[in-house]
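> sharing a model prediction with you, sequence too.
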Amino acid sequence: VLNEETTSTTSRVDILEEALAEIMLELAQLKEKPGGGSDECERNHFGANCTACNCTSGGICDDGRKGSGRCACFEGVTGVRCEECTVAGRIWPDCTECM
């Protein structure tokens, strides 16, 4: 029974690792995609006029011509521009403890 469970877990891990690798490759290709074409804005620009996003390094912008320009904050960060730490007493930009 243990061998079946270990094999099952191993195969699930393999499947997830393969899926992650495919996603990472697709993400890398999207990041390298040249901007400025008729259908897209440069990275970190959004809307019909390709306005620059104002997100900090604490998040990513919903960019592209159809993007909203809103910032999606990484874990531990909040704010309209992703400029605040979610834990009280932590200091932006790296959200380390106040000493």
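Nice, thanks for sending it over. Numbers count the residues shown, from 1 in each chain.

> and Cys73, how far from Ile91?
Separation of Cys73 from Ile91 (Cβ to Cβ, to the nearest Å): 16 Å. C-betas here are computed from N, CA, C, even on glycine.

> more neighbours: which of those two?
Taking other Cβ atoms under 10 Å, Cys73 and Ile91 do not tie; Cys73 has more neighbours (19 against 11).

> contacting residues around that one?
Listed by Cβ atoms under 8 Å, 6 or more residues apart in numbering, the contact set of Cys73 reads 58-59, 79, 82.

> hmm, Glu84 and Ile91 touching each other?
No. In this structure, Ile91 is not within contact of Glu84 by Cβ atoms under 8 Å, at 10.3 Å.

> quick check: next helix or strand after whichever strand or helix holds Glu17?
Per DSSP states H and E, Glu17 falls inside helix 2-32. Next along the chain after helix 2-32, taking DSSP H and E as the criterion, comes strand 45-46.

> ok now that following strand, how far from the chain's centre?
Computed by Cα atoms, centre = their mean, to the nearest Å, the chain-centroid distance of strand 45-46 equals 15 Å.

> please apply the same query to stretch 57-64.
7 Å.

> check what contacts that stretch and list those residues.
Contacts of stretch 57-64 with the rest of the structure, by Cβ under 8 Å, 6+ apart, involve 40-41, 43-46, 53, 55, 67-74, 77, 79, 81-83, 92-93.

> so where's this protein shaky on pLDDT?
Within the chain, the segments meeting pLDDT under 70 span 1-7, 9, 28-39.

> tell me which residue is most central in it.
Compute the mean C-alpha point of the chain, and by Cα atoms, centre = their mean the closest residue is Ile60, 5.7 Å away.
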